[in-house]
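J.: Sequence and predicted structure are below.
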Amino acid sequence: EAGVAQSPRYKIIEKRQSVAFWCNPISGHATLYWYQQILGQGPKLLIQFQNNGVVDDSQLPKDRFSAERLKGVDSTLKIQPAKLEDSAVYLCASSSTLGTHTDTQYFGPGTRLTVL
Amino acid sequence: AQSVTQLDSQVPVFEEAPVELRCNYSSSVSVYLFWYVQYPNQGLQLLLKYLSGSTLVKGINGFEAEFNKSQTSFHLRKPSVHISDTAEYFCAVSYTGGFKTIFGAGTRLFVKA
């Protein structure tokens, strides 16, 4: 089966610009996650969707970050305006069941964002 | 608050030698534990997970991990590593009643010929 797809793979922008990332999960997976992975750190959950509803967005900086999954399939994550500290790899993952604590998550290759 | 500590940021080892990557977690409730691997320019993939039952968990590529509740540890081991095992390894924990998985900072395993 096809894996989790993400685009673009790399993005360089200047601070205060906006940027958007796209993710297409594994077909049939109900749960979708966006993580931020800063260099030297583990992935940090930004937002988790169950179908098209938000399960957890407690660590999403809502003043500048937004995410949507309108039809319960693919998703976009947007940053507006970007700050230097947003430089990171943005990972998308999906899981097939209810997004509970025992699920295996399947990760995409990530988008590396550099903010200058 | 829950946390995951991977005690070594980098582990260099010679090919065919054994390796142990250490992971400790903090929690006062039941936990579920995972090891993920990230090969260069690829996404994370699951190596193994502990949900319940036997404390020794076997995963893919010859890796295994042992859950030690008294020491709150979940160390990853492989008796003989290959060059192809060079990657970053992440320990992760989630807990009953919650949805979020918390990842450690990662351990970079470098296998030398």
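T.: Done, it's in.
J.: mind listing what residue 46 touches?
T.: Reading this off chain A. A:Trp34, A:Tyr35, A:Gln36, A:Asp57, A:Gln59, A:Leu60, A:Phe65, A:Ala67, A:Leu77 (C-beta atoms under 8 Å, 6 or more residues apart in numbering or on different chains). C-beta coordinates here come from the backbone N, C-alpha and C atoms, glycine included.
J.: Can you look at chain B instead?
T.: A:Thr104, A:Gln105, B:Phe34, B:Trp35, B:Tyr36, B:Gly59.
J.: Am I right that B:Ser84 is in a strand?
T.: No - looking at B:Ser84 with DSSP: H, G, I helix; E, B strand; the rest coil, it is helix, so not inside a strand.
J.: Please name the nearest non-neighbouring residue to it.
T.: Nearest non-adjacent residue to B:Ser84, counting by C-beta to C-beta, 6 or more residues apart in numbering or on different chains: B:Val111, 7.9 Å away.
J.: gap between that neighbour and B:Cys23?
T.: 19 Å (C-beta to C-beta, to the nearest Å).
J.: Of the two, which one has the most company?
T.: B:Cys23 (25 against 19; other C-beta atoms under 10 Å in any protein chain shown).
J.: That one reaches B:Leu76, doesn't it?
T.: Yes - here B:Cys23 lies in contact with B:Leu76, judged by C-beta atoms under 8 Å, at a distance of 6.9 Å.
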